[in-house]
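Peer 1: Give me a model of this one.
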Amino acid sequence: MTIGVRLLPDTVLGRTALVLVAALSLSAVTALVLFAIQREEALNAIGGRNAAERVDALVTIAEQTEPNLRHDTLRSFETIRFRVGWGATPVVVENESFGLAAFAHKALEKGLEGRDILISTRPGPIGGGGGGGGGDGHGMHRPPHLIGPALRISVRLTDGSWLNVVAPFEPGDSLWHPRFVLPLLLALVLVTGVALLAVRKATQPFDRFAVAAERLGVDVTAPPMPEAGPREVRRAAQAFNVMQGRLSRFVQDRTQMLAAISHDLKTPITRLRLRAEFIEDDEQRTKMLADLEEMEAMIASTLAFARDDATSEPRLRLDIAAMVQGMVEDLEDLGAACAYAGPQSLVIEARPAALKRAVANLLDNALKYGGSARLELSPAGTEIHLTIDDDGPGIPEPDFERVFAPFVRLEASRSRDTGGSGLGLAVARAAIRAQGGDITLTNRPGGGLHVTLSLPLG
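Peer 2: Predicted coordinates:
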């Protein structure tokens, strides 16, 4: 797994939220950049229009003022950032025909039609000329390059001299001012929050499907899912309920079929038992009756497994520690090699009969094939673990799962002494899984089998 995949959220809600937040952030940044560009263009346009209007007025004033008074008169219109000069040369070296310069040029032409107008945003010549009239220079008493970014305008007057104006750009307030940024962030947070609530509501059906699937795995007769929500969710819920109904009918049909077979087999077995009683050879009669008893036991076990009674029994609060200790003491009274280690009391919620039958099957296997059974009970977070160790030969690792299949008996168990129908482990695991737990097998390093039964506490 790559680092990028590990950093992604693990839920649909988290990944959707990540995409949503990223999209909103990208949209906000894009809108902010576009707004900043358009704002700068608007400020420049306003500045250019204002500069053009002031230059238009200054041209009229300059031409109506005597040459010997022009310099002082024009200087009286200067401000700290707006500079005015009058001289024989223009302050603009090269006229620009694009951008802000072109906009200001068009605005000036309306009032100064027929005059030579030079406009540029690039720095002009360094230095300043002398006073006024026909003297050399552009008439700026402060070098224009010290003013910074500005709109430079030169207009030829009727006497051939040049009116030079330097109008710096007005940048306006920064976009990062709190009064602008805070509302933007607040709007982004609010939109993200509302969107996350909507996404969470949209992903809730996934949780319902997960719960329903887990419930179906434990109880095939569980109530159907509610068919509510958007059309796609309703269709999926309908399909899930149809599947659950088919599975339920399949299980019922299988149970009824096996019950019918069991009932039909009892009659010929009973007739065979009666006929076996008339066999004069004691050894043959004993063997035949034992075979018939084994057949009846197999039929009863098969029917119990097919009915799956573990799912119909109600869940109750029970003390599993007391139950296991009682089973161990009963076996010890019969001479079995059993031992228990763990708490004296541990209350859980489970199906008592199914749980007791599963533990009994595991104990029976340990005593039959391992000669002993050592049980240890312990809580583990939200679960409890019951382990059973024996001193038998163990089970080959490839057969760990195979032995849980119905009617599977390993070669070592195929004897009349150990017997069995091959349903003990299958019944035990079905009962435990029906309660949300599981049974796993491992071989002990020193020999023997290690069985772990896990169950949820609640």
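
Peer 1: Low-confidence stretches in this protein?
Peer 2: Where the chain drops to pLDDT under 70, the residues are 1-7, 123-138, 140-148, 170-177, 217-220, 301-312, 410-421, 458.

Peer 1: care to break it down by domain?
Peer 2: 15-168, 231-307, 312-456 (automatic domain parsing).

Peer 1: Kindly reformat the ones you listed as a markdown table containing distance to Arg179.
Peer 2: For glycine as for every other residue, the C-beta is placed from the backbone atoms N, C-alpha and C. Output for the domains of the chain, formatted as a markdown table (distance: least, C-beta to C-beta, whole Å):
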| stretch | distance to Arg179 |
| --- | --- |
| domain 15-168 | 15 |
| domain 231-307 | 45 |
| domain 312-456 | 52 |
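
Peer 1: Tell me which of these sits nearest to Gly193.
Peer 2: domain 15-168 (10.4 Å; C-beta to C-beta).

Peer 1: mind checking the longest helix of the chain?
Peer 2: Identified as the longest helix of the chain according to DSSP state H is helix 12-64.

Peer 1: In the stretch 351-458 of the chain, what residue spans correspond to strands?
Peer 2: Ranges of strands within the stretch 351-458 of the chain are 373-380, 383-389, 438-443, 449-456, based on DSSP state E, counting those that start in this stretch.

Peer 1: what's next to the second one, contact-wise?
Peer 2: Spelled out, that is strand 383-389. Strand 383-389 is contacted from outside by 320, 324, 346, 348, 359, 362-363, 366, 373-379, 437, 444, 448-457, using C-beta atoms under 8 Å, 6 or more residues apart in numbering.

Peer 1: pull the CA atoms of the helix or strand Ala322 falls within into CSV?
Peer 2: Ala322 belongs to helix 320-333 when assigned by DSSP states H and E. Extracted in CSV, the C-alpha atoms of helix 320-333 (Å, rounded to 0.1, in the frame of the first residue of the first chain):
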residue,chain,number,x,y,z
ILE,A,320,-20.3,-18.3,31.3
ALA,A,321,-17.6,-18.9,33.9
ALA,A,322,-20.1,-20.7,36.2
MET,A,323,-21.4,-22.7,33.2
VAL,A,324,-17.9,-23.8,32.1
GLN,A,325,-16.8,-24.7,35.7
GLY,A,326,-20.0,-26.8,36.2
MET,A,327,-19.3,-28.7,32.9
VAL,A,328,-15.6,-29.3,34.0
GLU,A,329,-16.7,-30.5,37.4
ASP,A,330,-19.2,-32.9,35.9
LEU,A,331,-16.5,-34.4,33.6
GLU,A,332,-14.0,-34.6,36.5
ASP,A,333,-16.6,-36.6,38.5
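
Peer 1: which secondary structure elements does the next helix or strand after that helix contact?
Peer 2: Next along the chain after helix 320-333, taking DSSP H and E as the criterion, comes strand 338-341. Strand 338-341 sits against helix 320-333, strand 373-380, with contacts defined as 3 or more C-beta pairs under 8 Å, 6 or more residues apart in numbering; DSSP states H and E.

Peer 1: Leu112: which of the ones you listed is closest?
Peer 2: strand 373-380 (92.1 Å).

Peer 1: which one of the strands of the stretch 351-458 of the chain lies closest to Phe404?
Peer 2: Of those, nearest to Phe404 by C-beta to C-beta is strand 438-443, at 7.5 Å.

Peer 1: which residues in the chain form helices?
Peer 2: Using DSSP H, helices in the chain cover 3-7, 12-64, 67-75, 99-111, 178-218, 231-276, 282-307, 320-333, 352-370, 424-433.

Peer 1: just to revisit the earlier point, for the buried ones among the contacts of strand 383-389, write the corresponding ChimeraX selection.
Peer 2: In ChimeraX, a selection of the buried entries from these looks like this (16 or more other C-beta atoms under 10 Å):
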select :320,324,346,348,359,362,363,366,373,374,375,377,437,448,449,450,451,453,454,455
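
Peer 1: now Arg234, nearest residue through space, not along the chain?
Peer 2: Glu227 (5.1 Å; C-beta to C-beta, 6 or more residues apart in numbering).

Peer 1: wait, that neighbour sits on Ala239?
Peer 2: No. With contacts counted by C-beta atoms under 8 Å, Glu227 stays clear of Ala239, the gap being 10.1 Å.

Peer 1: returning to that earlier point: just the helices of the chain: most buried one?
Peer 2: helix 424-433 (a mean of 22; mean count of other C-beta atoms under 10 Å).

Peer 1: and that one, what does it pack onto?
Peer 2: Where contact means 3+ C-beta pairs under 8 Å, 6+ apart, helix 424-433 is packed against helix 282-307, helix 352-370, strand 438-443, strand 449-456.
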